[in-house]
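In: the amino acid sequence is not available; the structure is as follows:
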RNA sequence: GGUGCUAUCGUCUAGCGGUUAGGACAAAAGAUUCUCAAUCUUUAAACCGGGGUUCGAUUCCCCGUAGCACUACCA
């Protein structure tokens, strides 16, 4: 299995380089994951760098969020910025961050001096020039001239160091005039980009514009310059990123060349996009809101615009399920395997098995994965995860506290209860919907169930049953034994069955009508696990109490 | 508009010239059962269109069509 890509003699070093402009999009998570899998498989390094060259889009807390999310998912960072290992901090969004490695700083906003040097290099070598055109002037130009592009055809009509006397350029720059540095793209050249997923991509340089590399207004480079300089300085061997970057890849190749770094230029791999589940287009936050599923790994409170975005973690997803789900959205192994642990992904992942086409985000399959991973957890593990939810729910029932005075007993029974209902839930919080009647006696009865299962004779049946059950000893109440069914399979039979079934048969009441009425008394509806499992957990006193309550409540 | 990328069941995908086109999610039916689920079994469901190349194309090439991405002093 594994990789057929030639990694050359260089050690594999990949990076995930998000912008701190908000919550980390799930597509970004997948990009990080693929980078991580690739690095681990080749015994390489996974770096994390923050690309915060746009000061206007910075969102407080976004950086912490990104690192926390990767940590939660088990995507480990070897170099750069990462969450300090240890106990989860109690206050949300206040995790500790550390920077490790010899290639720092790892925030681009802290690398200004470094970029200055390389901007100057490009300027001196004639690969770049200074331009004074204001955003307003450019906007006007675009409005006037259809398909206006700042390039070889138009640059000689603009206000820049190519068209102005050197002295004036110097005077303006020293006078504090705002300017940008643009890359001078040479026309009429076919630029070849080798992509590990798509093969050879060729774009003519005529369609490239003279990209802004640096803006004096905030003394920061733009993405393109910072990205190339940093990838080079950080000795990145493979750039694995989203397909939205493919159109600018030729520009990046040209930049590597302009710097004279073509021999150590990284390999490129452009990943297919994650699309909305319905219709077409890139998956966005709006789609999640509209269709009711998270688009982010963690819940995020955006301090900038006050919005709250739901997250997979808070929705009850297990990190391993999210990883597995995401891994298969755009990648597939050689066989029919669906369940992959992180270790198996690291072993089997390969870039040449990544799809070329975009993948619609299939939330239903994500649910299924979570269900699968939930079943793999022990009842004790699930109990621990469920406890906070349970406490919160019970608090909202404080009026009925008497109904579960035996709460401490129930707590000790929690793993058992979870074992009875876990196979029917996809998420931990759903355990409450499935198991609430174990903790709180029904106060109302489901109308549909009553209509179908609670008959005229039901109160009388329940009254008779009460008499039978009262006579059962505390020990017999919980007693069960192994026996054989008609097909010779070993099954568990409850002692209470031996009491109740013969009585129903003798009176010819019908098992369905009696047992469903009984179930309604205990659960409040025609649902839930096997009835004797319920009576076992509830205990004799609580069971009888619920039956009496129901008989009174449902008399009419 | 321009440039690029992409194209197998509703969805995620397997297939790398010859297959009854496979798996999974979702859907439907049945089994099971005191109920609702779960589970098990089964069913239905696809090669965008047209040209080539070839003895033979889902597969290779071209054109068309469609979808997407990019086209900022954002990343």
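Out: Here it is on my side, so go on. Everything numeric here is computed off the predicted structure, so don't read it as measured data. Residues are numbered from 1 along each chain as shown, chains lettered A, B, ... in the order given.
In: CA atoms for contacts and neighbours, from now on please.
Out: Will do.
In: okay, now the unreliable bits of the stretch 51-200 of chain A?
Out: A:86-93 (pLDDT under 70).
In: residues of it that sit close to RNA strand B?
Out: A:51-54, A:57, A:132-135, A:138, A:147, A:149, A:178-180, A:198, A:200 (CA under 7 Å from any atom of the strand).
In: just the buried ones from these?
Out: Burial by neighbour count, 16 or more other CA atoms under 10 Å: within these this picks out A:51-54, A:132, A:149, A:179-180, A:198.
In: how about the residues you listed in a markdown table, adding secondary structure?
Out: As requested, those are exported to a markdown table (DSSP: H, G, I helix; E, B strand; the rest coil):
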| residue | secondary structure |
| --- | --- |
| A:51 | coil |
| A:52 | coil |
| A:53 | coil |
| A:54 | coil |
| A:132 | coil |
| A:149 | coil |
| A:179 | coil |
| A:180 | strand |
| A:198 | coil |
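In: tell me the one of these nearest residue A:247?
Out: The closest of those to residue A:247 turns out to be residue A:198 (CA to CA; 12.7 Å).
In: domains in chain A, by residue range?
Out: A:13-109+A:273-368, A:111-271, A:377-439, A:447-553 (automatic domain parsing).
In: deepest-packed of these, please.
Out: domain A:13-109+A:273-368 (a mean of 18; mean count of other CA atoms under 10 Å).
In: before we move on, the earlier item: worst average pLDDT in the domains of chain A?
Out: Of all the domains of chain A, mean pLDDT reaches its minimum on domain A:377-439 (a mean of 82).
In: so how far is that one off the chain centroid?
Out: 26 Å (CA atoms, centre = their mean, to the nearest Å).
In: correct me if wrong: residue A:374 contacts residue A:424.
Out: No: applying CA atoms under 8 Å, one finds residue A:374 not in contact with residue A:424, separated by 10.2 Å.
In: which two among the buried ones among the residues of the stretch 51-200 of chain A next to RNA strand B are spaced furthest apart?
Out: A:132 and A:198, at 38.4 Å, using CA to CA across these.
In: for residue A:81, state which of the buried ones among the residues of the stretch 51-200 of chain A next to RNA strand B is nearest.
Out: Of these, the one sitting nearest to residue A:81 (CA to CA) turns out to be residue A:51, at 11.6 Å.
In: wait, what's in contact with the residue nearest to that closest one when sequence neighbours are not counted?
Out: The shortest distance from residue A:51 to any non-neighbouring residue, by CA to CA, 6 or more residues apart in numbering, is to residue A:19 (4.8 Å). If a contact means CA atoms under 8 Å, 6 or more residues apart in numbering, then residue A:19 has A:50-52 as its contacts.
In: and the stretch 451-556 of chain A, which residues reach RNA strand B?
Out: Residues of the stretch 451-556 of chain A lying near RNA strand B (CA under 7 Å from any atom of the strand): A:511-513, A:515-516, A:519, A:526-532.
In: could I get those residues as CSV with secondary structure?
Out: As requested, these are arranged in CSV below (three-state DSSP):
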residue, secondary structure
A:511, helix
A:512, helix
A:513, helix
A:515, helix
A:516, helix
A:519, helix
A:526, coil
A:527, coil
A:528, coil
A:529, coil
A:530, coil
A:531, helix
A:532, helix
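In: so who does residue A:316 touch?
Out: A:427-429.
In: just those residues now: which is nearest RNA strand B?
Out: residue A:427 (11.9 Å; CA to the nearest atom of the strand).
In: backbone phi and psi for the residue nearest to the closest one when sequence neighbours are not counted, please?
Out: Excluding its sequence neighbours, the residue lying closest to residue A:427 (CA to CA, 6+ apart) is residue A:316, at 5.2 Å. Main-chain torsions, residue A:316, degrees, to the nearest 10: phi 100, psi 10.
In: now do residue A:518
Out: Torsion angles, degrees, to the nearest 10, at residue A:518: phi -60, psi -40.
In: in a markdown table: the contacts of residue A:316, plus distance to RNA strand B.
Out: Converted to a markdown table, the contacts of residue A:316 look like this (distance: CA to the nearest atom of the strand, whole Å):
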| residue | distance to RNA strand B |
| --- | --- |
| A:427 | 12 |
| A:428 | 14 |
| A:429 | 14 |
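In: inside strands: which ones of those?
Out: Within the contacts of residue A:316, no residue falls in strands by DSSP state E.
In: among the residues you listed, name the ones in helices.
Out: Among those, none falls in helices (DSSP state H).
In: nearest residue to whatever residue of chain A ends up closest to RNA strand B in space, ignoring adjacent ones along the chain?
Out: Per CA to the nearest atom of the strand, residue A:527 is where chain A lies closest to RNA strand B, at 2.7 Å. Once flanking residues are discounted, residue A:527 sits nearest to residue A:519: 7.8 Å by CA to CA, 6+ apart.
In: cool, residue A:33 as well?
Out: Leaving aside its sequence neighbours, residue A:33 sits nearest to residue A:75 (CA to CA, 6+ apart; 6.6 Å).
In: next: residue A:424.
Out: Once flanking residues are discounted, residue A:424 sits nearest to residue A:434: 7.8 Å by CA to CA, 6+ apart.
In: next up, phi/psi of the one you found, please.
Out: Torsion angles, degrees, to the nearest 10, at residue A:434: phi -90, psi -20.
In: correct me, but it touches residue A:528?
Out: Yes: counting by CA under 8 Å, residue A:528 is a contact partner of residue A:434 at 6.9 Å.
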